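A.B. asks: need the 3D shape of this:
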Amino acid sequence: MSITLQNKTLDFVQSPEDIFNLMSAAVNDALAVLDIGNNIVFWNDHSEKYFKYKHEDILGKNFLKSIISEKYHQTVLKNIDRPEPGAYISEAKTIYVEAIAKDHAKIYCKISLSVMKIKEQLFTILYFRDATDYKLKQNLLTLKKSLEFVKIGVCVTDMEGAIVTANSALARMHGSDISALIEKNVTDVLPCMSHIKSMDGFKNYSAERLCNMASGKDMYVKLESEIVLDDDLRPIAIVITCEDITESKNMQLQICQYNEHLESLVKERTNTLSETNKQLRDEIVKRTEMEHQIRGNVKDLNMLLKEVHHRVKNNLQIIVSLLSLQSATISDPKLHDIFKDSESRIRAMALIHEKLYESTDMSTLDFGEYLSSLASELLNSYNLKHGNVELKTDISVHTLDIDVAIPCGLVINEFVTNSLKYAFPGNSKGQIMVTFHRAEDGKLHLTLSDNGVGMSKDTDLKKAKSLGLQLIHDLIVRKLKGTIDISTDGGTEFKIII
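C.D. replies: Residues are numbered from 1 along each chain as shown. Presented below is the predicted three-dimensional model:
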């Protein structure tokens, strides 16, 4: 029986197995044949020895699921090509995969793969060879290339300490090239490693030592070693790193010397500071005594200031009482109104001094509380019921400096008084509104309005004959440097910005 694949002819073929047996007899490799569904249809004796599966155990089983590691399934499948039209066999391809034997051992192997057409059936032919050495060489090459990117000295030894590979950084530290280090014992390259027993329990190691290198140069190095285990947790190699830390050690020495110098300086300064602290403590005692004295003086001044506000309030109330008694004897209505207006203004100022006298902080005034009291007194003063004229407030400025509070109080007093007298004739119902807010720019916005009959549209505060309007203009414009905008639509409204 003869087979001539080059001429694309198969002579005297009684069955596909005849060809498979012939192919198996021609080589010493493990051979497996798959059908179109990747099921094993032929398994030679070498395959039995290689994968530990007997013919009867493996025939009919799916090749990928039984033999090949899952991560290599696609590698196998994408290399199974049909023969070209008119050909009996496809071009052979070589792939490297990880296989799994019956005893679960992992075998890295080289597969020569092609597809053969026999009696209109397609079969995948696979020859296996052990490629463990190839894998190790590839891994070692990858390791060598990777180590070159590491800036510190690195070498890999076997379990006896013989160097398998090293990087350029370690060769430079040793004063030679990489080839001179291979197969040397690590203790010849790094004498400071001589005390390490690699087989002593496979303990990992880390230390900093002064090492006399073969190049004759002494350097401080940081040494670390770690045992490498295989998949069965058996030790197979030792990875050793050697980092030159001479510069950092010298720096540490300089730092220690500098620290000693600093300690002497600190001791000297401490003595100086101790003396300074004693002087400071004496000074603090003196200042504390002065603070107690000042607090006592401030307390006395506050009491005196309260008494001043109290007396000013009393004197102003006496003036109000005198004006009230005097106005009771006046029959002239105009003159009587002048006395009543003066009485109202003085009462507004007296009320401020009264609130300051009652306050814990005599530099500022609770303006909301003051305005409430002022409104109540004004309504009572003009004998009006709250049901007829309602005074509403919207105050968000709660505290004011006294230099601003007195002019604002007088202005509000004048406006409310004017509204009560003229805005609601015949004791008609109405509303007076006072709003007081502080804008984001820090300016005060005071709005005074009523819904009464309104002022004359051509009113000019600068030329007004009314003492009340003149007073409002002088207090806002001249004293507080503010502005006034008057509106007379649907009543009277003063928009004041301070």
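
A.B. asks: and the helix or strand hosting residue 321, what does it pack against?
C.D. replies: Assigned by DSSP states H and E, residue 321 belongs to helix 246-328. Counting contacts by 3 or more C-beta pairs under 8 Å, 6 or more residues apart in numbering; DSSP states H and E, helix 246-328 is packed against strand 218-229, helix 333-358. From N, CA and C alone the C-beta is placed, and that goes for glycine too.

A.B. asks: pretty sure residue 226 contacts residue 237?
C.D. replies: No: with contact defined as C-beta atoms under 8 Å, residue 226 does not count as touching residue 237 (9.6 Å).

A.B. asks: tell me, what residue is most central in this protein?
C.D. replies: Central residue of the chain (C-alpha atoms, centre = their mean): residue 440, 31.9 Å from the mean position.

A.B. asks: measure that residue to residue 351 for me?
C.D. replies: Using C-beta to C-beta, to the nearest Å, residue 440 is found at 31 Å from residue 351.

A.B. asks: and what of residue 94?
C.D. replies: Distance from residue 94 to residue 351, by C-beta to C-beta: 109 Å.

A.B. asks: helices of the stretch 1-150 of the chain, start to end?
C.D. replies: For the stretch 1-150 of the chain, the helices defined by DSSP state H, counting those that start in this stretch occupy 16-25, 45-51, 55-58, 63-67, 73-77, 132-147.

A.B. asks: now the stretch 351-498 of the chain
C.D. replies: 367-381, 402-418, 467-473.

A.B. asks: now do the first one: which elements does it pack against?
C.D. replies: By that I understand helix 367-381. helix 333-358, strand 389-395, helix 402-418, strand 430-438.

A.B. asks: tell me the buried residues in the longest one?
C.D. replies: Going by neighbour count (16 or more other C-beta atoms under 10 Å), the buried part of helix 333-358 is 339-357.

A.B. asks: stretch 290-309 too?
C.D. replies: Per 16+ other C-beta under 10 Å, stretch 290-309 contains these buried residues: residue 309.

A.B. asks: run the chain-centre distance for it.
C.D. replies: Remark: stretch 290-309 is offset 52 Å from the chain centroid, using C-alpha atoms, centre = their mean, to the nearest Å.

A.B. asks: what do you get for stretch 388-401?
C.D. replies: 47 Å.

A.B. asks: using PDB, list the CA coordinates for that stretch.
C.D. replies: Output in PDB follows, covering the C-alpha atoms of stretch 388-401 (Å, rounded to 0.1, in the frame of the first residue of the first chain):
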ATOM      1  CA  ASN A 388     -58.400 102.400  61.800                       C
ATOM      2  CA  VAL A 389     -54.700 102.800  60.900                       C
ATOM      3  CA  GLU A 390     -52.500  99.700  60.900                       C
ATOM      4  CA  LEU A 391     -48.800 100.100  61.200                       C
ATOM      5  CA  LYS A 392     -46.900  97.100  59.600                       C
ATOM      6  CA  THR A 393     -43.200  96.500  59.900                       C
ATOM      7  CA  ASP A 394     -40.700  94.300  58.100                       C
ATOM      8  CA  ILE A 395     -37.400  94.800  59.900                       C
ATOM      9  CA  SER A 396     -34.300  92.600  59.200                       C
ATOM     10  CA  VAL A 397     -31.800  95.100  60.600                       C
ATOM     11  CA  HIS A 398     -31.900  94.300  64.300                       C
ATOM     12  CA  THR A 399     -29.000  96.300  65.600                       C
ATOM     13  CA  LEU A 400     -27.800  99.700  64.700                       C
ATOM     14  CA  ASP A 401     -25.000 102.000  65.800                       C
END
